[in-house]
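>>> Structure, please.
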Amino acid sequence: MKPKVYVETSIPSYLTAWRSRDIVIAGNQETTKEWWDRREDFELFISEFVVEEASGGAPEAAERRLEMLNGIPEI
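Alright, predicted model coming up:
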């Protein structure tokens, strides 16, 4: 049985954002990308709130965030 993970909005945000020049944020982006490459090891879930929050902001950025969430079941 795979561990269950609730994916909150920072995950697709870090995955789709331009690489930050801030070292802490850049580290978070890199760690998130490494974890995302292993996402098949987990049973992922999101909520309507994550979808709502990811939908905000610039339309192009929102589209990229929502693409990352596509196929993850809502709880």
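
>>> What lies in contact with the longest helix belonging to the chain?
In the chain, assigned by DSSP state H, the helix with the most residues is helix 23-36. When contacts are defined by C-beta atoms under 8 Å, 6 or more residues apart in numbering, helix 23-36 is touched by residues Ser10, Ile11, Tyr14, Leu15, Ala17, Arg19, Ser20. (C-beta placed from N, C-alpha, C; glycine too.)

>>> swap in stretch 66-75?
With contacts defined as C-beta under 8 Å, 6+ apart, stretch 66-75 is touched by 6-7, 11-12, 15-16, 44-48, 50-51, 54-55.

>>> Report the distance from stretch 19-32 to the chain centre.
14 Å (C-alpha atoms, centre = their mean, to the nearest Å).

>>> about what we covered before: and the contacts of stretch 66-75, which of them are buried?
Val7, Ile11, Pro12, Leu15, Thr16, Leu44, Ile46, Val50, Ala54 (16 or more other C-beta atoms under 10 Å).

>>> one step back: for the longest helix of the chain, which positions count as buried?
Buried residues in helix 23-36 (16+ other C-beta under 10 Å): Asn28, Gln29, Thr32.

>>> Okay, the first one and Pro73: tell me how far apart.
Which is Asn28. According to C-beta to C-beta, to the nearest Å, Asn28 stands 25 Å off from Pro73.

>>> Pretty sure Lys2 sits against Glu43.
Yes. Assessed by C-beta atoms under 8 Å, Lys2 is found in contact with Glu43 at 4.5 Å.
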